[in-house]
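In: Just the structure for this:
(2 chains)
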Amino acid sequence: MAKEYMTGWERVEAAIRLTEKPDRVPIVPQLTKAAAAPFAGLTQAEACDDDEATLHGMIKCYDDFGGWDALYMDIPDSEMMQILYWQQPLGWKVPGRDIPIEYTMQVIEGEILGGDEYDRIVDEGWHKFYYEDFIFRITHLKTSDDLKKEQDKIEKLSAIANKEWGKRGVKNLCGSIDFHPFFKLNLARSLTKFTEDLYYSGDKVDRALDRMTDDMIPPLIETCKASGVKVAAFVEERASGYFYPLHVFERFWWPYTERIVNALFSEGIVTVMHLDTDWGKNLHYFKKLPKGSVVLELDSTTDIFAAKKILGGHQAFHGDLPPALQSIGTPDDIRSYTKKLIDEVGYDGGLVLGVGCEIAPDCKRENMEAFLETAKTYEFSK
Amino acid sequence: MSDLKSNLVALKKVEVLEEVKNRAAEGEDPAKILIEAQGAMKTIGDKFQSGEFFLAELILSSVIFKGISAELKSYMGESNKQKPVAKIILVTLKGDIHDIGKDLFGDLLSARNFEVVDLGVDVDPRAVVDKVKEVKPDFLGFSALMTTTFQMMSKTAKLLEEEGLRDNLKLMVGGGVTTNQVKDMVGADFQTLDAMEGVNYCEQIVSGGN
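Out: Here you go, the predicted model:
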């Protein structure tokens, strides 16, 4: 039987940069705190209340399941982490604080950004607007000192995380993560209001997107360089053909995306795009981007097998074990789907094996085991 | 095509609401205006089915239609109110507080003259069963964005069975994480990720299909 001859990171790099077929498909499951909590014996409220305990819960999961090739996130995706570092512009209901302890943390979407505030973003820039004003609308934070304290807590947690993950020789898939400007505005305005803005006052949206794109690129590059991981990610869950016609996509999403990807790629940085919902109507656009410049991270609502036929050999994929299958499927279902992913998407490289969006908070332990075991052994068993 | 209909299909919100306001103020039968608007909503639905329109256009048309309904409300007497074609209860079950998809589905059904009873989010299965007993709906729709809601769907469906409420009720599941496997586990009659597909299913059942 063939054996592994690459390190986890070599495997990931080979797959995302399309340089060669790795010895086996690399595995990067999107382990969040919500999924780690039950595996590690924590309640959802505990996972939100004690970041250090949750970090150790995530590490316990990694160890108990025998590890994988790179981390999706090295510290828990706490409320503050998502708002401060990923700039996710909406509030959260937190178990134990706002909702019952057994619930997972859930977003509160509403019209937080006013329709008359686009020009402020253009004038001030996104970061000043977000960190000096908007962030106080969506959190319990009152002052910049409060903000600094939260940032310090996360820095301390990151130091612990670096030490612990370093012992295991595993690093983050992405050196930097942000939300796409289009998605930020969509969330901050709400789906309905933002859609009205796109159709009835598109020029002001365009101006804000333009400014936000300029603001987004340098920090992504700097953080990737500082981390030594030349992979950046952005999240986009609202721009696909599931929501918007192609004329909207072509005007408000694609040009800004091209600008981001090209700027990063000119620095040798690959962009992982976390693309939830069905992108089937948009896939052909990604052919226009340089070969090996992006990884499409699909959530199982886009047909990844069809996507491979369109983009295979040109861009890589990350995905996409369906959430429902993790939750209610059997280990045999999981093995069968994982093998299909490897055979039909990963057969020539270009696949990082992951799950749809994130590991389901009610993913069965035996399903996670079946997924990882199949991923690690299937190709060598053939 | 009337101005109202063509402007609504073209998603011209200001023009549509202005026309409705003027025509109602001039004494035109509000039911007639509403039927015209419903015709436009049907055209929009057809355009969505054919791939010409997208979810964005359904959202925008729903906003406009709600504006029309609000404008006409004060003019509507008992005599010119339309009898609903069917009743539906919509709910996001306990453990999940998401409502965007559910709300849009409800708006689209209202525009097709369904009576929509929206129980909101994070609702206990017992409360759903009690409401089904009270309202006696033709359809019950569970919306979910989280896999953790699947067990609540099953529990509610089981309670409905136990209380003999399932026979004349079409049970639907929808939302980003639902699949056919979820439908089967819950014992539902229909599953979709697509609000308009759900509307079409309801209309098909009302008109005698399966």
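In: Three-state assignment for A:Ser110, please.
Out: You called it Ser, but residue A:110 is Gly. Three-state call for A:Gly110 (DSSP: H, G, I helix; E, B strand; the rest coil): coil.
In: Please disregard the earlier target; I meant A:Lys184.
Out: Following three-state DSSP, A:Lys184 is assigned to helix.
In: from memory it sits against A:Arg211, does it?
Out: No. A:Lys184 is not in contact with A:Arg211 according to CB atoms under 8 Å; the separation is 11.8 Å. C-betas here are computed from N, CA, C, even on glycine.
In: how close does the most centrally placed residue in chain A sit to A:Asp215?
Out: Nearest residue to the geometric centre of chain A (CA atoms, centre = their mean): A:His274, 4.7 Å. Distance, A:His274 to A:Asp215, by CB to CB, to the nearest Å: 20 Å.
In: How are the strands of the stretch 1-150 of chain A distributed by residue range?
Out: Secondary structure of the stretch 1-150 of chain A by DSSP state E, counting those that start in this stretch: the strands cover A:91-93, A:106-108.
In: Per-residue pLDDT of the residue of chain B most remote from its centre, please?
Out: No residue in chain B sits farther from the centre than B:Glu26, which is 30.6 Å out by CA atoms, centre = their mean. Looking at B:Glu26, its pLDDT is 94.
In: Would you mind putting the strands of the stretch 1-150 of chain A into TSV with distance to chain B alongside?
Out: Shown next, in TSV, are those (distance: least, CB to the nearest CB, whole Å):
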stretch	distance to chain B
strand A:91-93	6
strand A:106-108	5
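In: May I see those strands arranged in a markdown table, with mean pLDDT and mean neighbour count as well?
Out: Formatted as a markdown table, these follow (pLDDT from 0 to 100; neighbours: other CB atoms under 10 Å in any protein chain shown):
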| stretch | mean pLDDT | mean neighbour count |
| --- | --- | --- |
| strand A:91-93 | 94 | 18 |
| strand A:106-108 | 92 | 17 |
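In: Is it possible to get CSV of those that adds distance to A:Cys224?
Out: Output for these, formatted as CSV (distance: least, CB to CB, whole Å):
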stretch, distance to A:Cys224
strand A:91-93, 27
strand A:106-108, 27
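In: Now whichever residue of chain B sits closest to chain A: closest residue in space, sequence neighbours ignored.
Out: Residue of chain B nearest chain A, by CB to the nearest CB: B:Thr147 (3.9 Å). With sequence-adjacent residues excluded and distances taken as CB to CB, 6 or more residues apart in numbering or on different chains, B:Thr147 is closest to A:Ser327, at 3.9 Å.
In: what kind of secondary structure is that neighbour in?
Out: Here A:Ser327 is recorded as helix under three-state DSSP.
In: Go ahead and confirm it touches A:Cys363.
Out: Yes. Between A:Ser327 and A:Cys363 there is a contact under CB under 8 Å: 6.3 Å.
In: which SS state does the residue nearest to the centre of chain A fall under?
Out: Following three-state DSSP, A:His274 is assigned to strand.
In: What parts of the stretch 251-382 of chain A come near chain B?
Out: Taking CB under 8 Å from any CB of the partner chain, the part of the stretch 251-382 of chain A that reaches chain B is made up of A:276-278, A:301, A:322-329, A:360-362.
In: And these, which is closest to A:Ala47?
Out: For these, the minimum distance to A:Ala47 (CB to CB) is 9.7 Å, reached by A:Pro361.
In: quick one, what contacts that closest one?
Out: By CB atoms under 8 Å, 6 or more residues apart in numbering or on different chains, the contact set of A:Pro361 is A:Thr32, A:Ala34, A:Ala35, A:Ala37, A:Pro38, A:Gln44, A:Thr104, B:Met146, B:Thr147, B:Thr148.
In: show me the contacts for A:Asp98.
Out: A:Trp92.
In: The stretch 201-350 of chain A: strands as residue ranges?
Out: For the stretch 201-350 of chain A, strands defined by DSSP E, counting those that start in this stretch occupy the ranges A:231-236, A:270-275, A:294-298, A:316-321.
In: mind checking which of those strands is nearest B:Leu34?
Out: B:Leu34 lies closest to strand A:231-236 among these, at 38.1 Å (CB to CB).
In: How about chain A: which residue is closest to chain B?
Out: The nearest approach of chain A to chain B comes at A:Ser327, 3.9 Å away (CB to the nearest CB).
In: What ranges in chain A fall below the confidence cut-off?
Out: Within chain A, the stretches with pLDDT under 70 are A:1.
In: For chain B, which residues are neighbours of chain A?
Out: Contact residues, chain B versus chain A (CB under 8 Å from any CB): B:11, B:13, B:53-57, B:59-60, B:63, B:95-98, B:100, B:122, B:146-148, B:150-151, B:176-179, B:181-182, B:185, B:193.
In: mind listing which of those are in helices?
Out: Judged by DSSP state H, these include B:13, B:55-57, B:59-60, B:63, B:100, B:150-151, B:181-182, B:185 as members of helices.
In: Please, where are all the helices along the stretch 151-300 of chain A?
Out: Using DSSP state H, counting those that start in this stretch, the helices of the stretch 151-300 of chain A run over residues A:181-189, A:191-200, A:202-227, A:246-252, A:254-265.
In: and those helices, which is most packed in?
Out: helix A:181-189 (a mean of 26; mean count of other CB atoms under 10 Å in any protein chain shown).
In: counting contacts, what elements does that helix pack onto?
Out: Using 3 or more CB pairs under 8 Å, 6 or more residues apart in numbering or on different chains; DSSP states H and E, the elements in contact with helix A:181-189 are helix A:191-200, helix A:202-227, strand A:231-236.
In: that older thread, filter the ones in helices among the residues of chain B next to chain A down to the buried ones, PyMOL style.
Out: Here is the PyMOL command that picks out the buried ones among these, judged by 16 or more other CB atoms under 10 Å in any protein chain shown:
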select buried, chain B and resi 13+55+56+57+59+60+63+100+150+151+181+182+185
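In: how many other residues sit next to residue 5?
Out: No chain was given, so I picked chain A. Other residues lying near A:Tyr5 total 10 when counted by other CB atoms under 10 Å in any protein chain shown.
In: that answer is for a different chain, and I need it for chain B
Out: Burial of B:Lys5 is recorded as 18 neighbouring residues (other CB under 10 Å).
In: same check, this time on B:Ser154
Out: With other CB under 10 Å as criterion, B:Ser154 counts 17.
In: Could you double-check that it lies in contact with B:Met185?
Out: Yes. Between B:Ser154 and B:Met185 there is a contact at 6.2 Å, judged by CB under 8 Å.
In: the helices in chain B, which residues?
Out: Counting by DSSP H, chain B has helices at residues B:3-9, B:13-25, B:30-49, B:55-73, B:100-111, B:125-135, B:150-162, B:180-186, B:195-206.
In: Give me the distance from the second one to the chain's centre.
Out: Taking the mean of its C-alpha atoms, helix B:13-25 sits 24 Å from the chain's own mean (CA atoms, centre = their mean, to the nearest Å).
In: Give the buried residues for that helix.
Out: Using 16+ other CB under 10 Å as the test for burial, helix B:13-25 gives B:Lys13, B:Glu15, B:Val16, B:Leu17, B:Glu19, B:Val20, B:Arg23, B:Ala24.
In: again with the last one
Out: By 16+ other CB under 10 Å, the buried positions in helix B:195-206 come out as B:Ala195, B:Met196, B:Gly198, B:Val199, B:Asn200, B:Tyr201, B:Cys202, B:Glu203, B:Ile205, B:Val206.
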